[in-house]
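Peer 1: Fold the following.
(one chain, ligands or ions: 1)
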Amino acid sequence: MNYNNSEINWKKIDEIISSKDKILLTTHENPDGDGLGSEVAMYHHLIENGKDVRIINCSPTPDMFDFINLDNCIETFNEDTHVEWIKDCDIIIVFDVGNFNRTRDIKVVADKFNISVMNIDHHPHPVDHGFKYNIVDINSAATGCMVRSYLNSARTTPLNKKICDGIYVAVMTDTGCFKYSNTDTYCHSIAIECLDNGVNTNYIYQKIYENSSRKRVSVLAEMISNISYELDGKFAWSFITNDIMNKHHASKDDLEGFPDFIRSISGVEAALMIFEIDENLCRMNFRSKGKIIVNTIARFFNGGGHAFASGAVLHEPIEIAKSTIINKTKKMIQDQLDA
Ligand SMILES: [Mn+2]
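Peer 2: Below you'll find the model as predicted:
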């Protein structure tokens, strides 16, 4: 089955999911609100339908999402305790992954035991994506919107609050609180439905966006002081080294939203954050206000993502990576501006 950005027949997809009894749900490493919210929504739907279902991710759940992790339903992969359960699953459903490799240990287990995998995602995927069932809609604002569409076909009863909490988290986070250019009427209709079902939207907003640790603010201050402007201020970028991270005892979770912050600057069309991962590896995250396509730049560095939000890694020490990335990015943005 391959719905690669074509009209999706959710009834057919439900026939497959309904026929399975033992189901693993998962998402990409360093999970975000869309991946986690999609899993949680699907989990509560499948539990209601009597399925043997678990959520197991390759990375831990960031603290800010604790409020949807009821009864610790979101587990972190542990080779000693989970392989035994996963190995005879009827199907694995992965959400929001962009690339199957980003499920890390889960993909290793899926491959080893030859388990069927269904992909539900709004990222572009390569032709050889490796999924038995590939369900992709790159026009969907969030994977959570696709899960909502699935539930519409799969259920005859209204969504319960637990499902709505998951859907709302997914859609709210991937639309930047209904602000980004991907926000459409469907996103708002989902928000209305969630409000009608008792979702406490302000509580969720505060949990996710008004919960900054002091170490995050300290790292943010360093990031801001490191911003450089290029191309008459149309392109701005900054970086975070491990020295900065260690100085403030910060963790990866503290860096959420930094690329969006740079994009928010007046006159900036394209934003870039470079993060040092280790002495020979950096991560880059691009954001665009809508004029510059940034996944082409990410793809040059063997990464991927959406037209206006993308990323890649580069195996170079950060001091070298900075000039490699900035020179190429400036050139590719200039080419788009000239076109
Ligand atoms: Mn997403």
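
Peer 1: Run through the residues that contact the residue in the stretch 201-339 of the chain that the ion sits nearest to.
Peer 2: Closest approach between the stretch 201-339 of the chain and the ion, counting by CB to the ion: His306, at 8.3 Å. Placement of C-beta: from N, CA and C, glycine included. Applying CB atoms under 8 Å, 6 or more residues apart in numbering to His306 gives the contacts 122-124, 138, 182, 295.

Peer 1: could you redo the last one with a cut-off of 10 Å?
Peer 2: With contact taken as CB atoms under 10 Å, 6 or more residues apart in numbering, His306 is in contact with 98, 122-124, 138, 174, 180, 182, 286-288, 293-295, 298.

Peer 1: nearest to Lys12, of those residues?
Peer 2: His122 (18.9 Å; CB to CB).

Peer 1: Hmm, Ser149 and the closest one touching each other?
Peer 2: No. Counting by CB atoms under 10 Å, His122 stays clear of Ser149, with 11.3 Å between them.

Peer 1: Take the contacts of His306 and keep only those in strands.
Peer 2: 286-288 (DSSP state E).

Peer 1: which one of the residues you listed has the most neighbours?
Peer 2: Within these, Phe286 tops the neighbour count with 31 neighbours, counted by other CB atoms under 10 Å.

Peer 1: Distance-wise, check that one relative to Asp278.
Peer 2: Distance, Phe286 to Asp278, by CB to CB, to the nearest Å: 21 Å.

Peer 1: just Thr76 next, same as before
Peer 2: Distance from Thr76 to Asp278, by CB to CB: 21 Å.

Peer 1: Show me which of those two is the more surrounded one.
Peer 2: Thr76 (15 against 10).

Peer 1: nearest spatial neighbour of the more buried one, skipping sequence neighbours?
Peer 2: Leaving aside its sequence neighbours, Thr76 sits nearest to Pro60 (CB to CB, 6 or more residues apart in numbering; 4.7 Å).

Peer 1: List the contacts of the one you found.
Peer 2: 29-31, 74-77, 253.

Peer 1: Now pLDDT, distance to the ion and secondary structure too, for the residues you listed, in JSON lines please.
Peer 2: Below are the contacts of Pro60 laid out as JSON lines (pLDDT from 0 to 100; distance: CB to the ion, whole Å; DSSP: H, G, I helix; E, B strand; the rest coil):
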{"residue": "Glu29", "pLDDT": "94", "distance to the ion": "14", "secondary structure": "coil"}
{"residue": "Asn30", "pLDDT": "92", "distance to the ion": "13", "secondary structure": "coil"}
{"residue": "Pro31", "pLDDT": "96", "distance to the ion": "10", "secondary structure": "coil"}
{"residue": "Ile74", "pLDDT": "98", "distance to the ion": "17", "secondary structure": "strand"}
{"residue": "Glu75", "pLDDT": "98", "distance to the ion": "21", "secondary structure": "strand"}
{"residue": "Thr76", "pLDDT": "98", "distance to the ion": "20", "secondary structure": "strand"}
{"residue": "Phe77", "pLDDT": "98", "distance to the ion": "20", "secondary structure": "coil"}
{"residue": "Asp253", "pLDDT": "84", "distance to the ion": "17", "secondary structure": "helix"}
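
Peer 1: Kindly report the residues of the stretch 1-150 of the chain close to the ion.
Peer 2: The stretch 1-150 of the chain comes close to the ion at residues 34, 96, 143, as judged by CB under 5 Å from the ion.

Peer 1: For the last one, list the residues it contacts.
Peer 2: Thr143 sits next to 27, 32, 34-35, 37-39, 41, 94-97, 119-123, 135-137, 170-171, 174 when contact means CB under 10 Å, 6+ apart.

Peer 1: Try it again at 6 Å.
Peer 2: 34, 38, 95-96, 121-122 (CB atoms under 6 Å, 6 or more residues apart in numbering).

Peer 1: go on, the first one?
Peer 2: For Asp34, the contact set (CB under 6 Å, 6+ apart) comprises 96, 142-144, 170, 173-174.

Peer 1: low-scoring pLDDT stretches of this protein, where are they?
Peer 2: Scanning the chain for pLDDT under 70 picks out nothing.

Peer 1: how's it carved up into domains?
Peer 2: 2-209, 214-338 (automatic domain parsing).

Peer 1: Please state the offset of the last one from the chain centre?
Peer 2: Distance of domain 214-338 from its chain centroid, counting by CA atoms, centre = their mean, to the nearest Å, is 17 Å.

Peer 1: quick one: terminal-to-terminal distance for it?
Peer 2: 42 Å (CA to CA, to the nearest Å).

Peer 1: Let me see the ranges of the strands in the stretch 51-200 of the chain.
Peer 2: 52-57, 74-76, 91-95, 117-121, 133-136 (DSSP state E, counting those that start in this stretch).

Peer 1: Quick check: chain neighbours aside, which residue is closest to Gly35?
Peer 2: Thr27 (3.1 Å).
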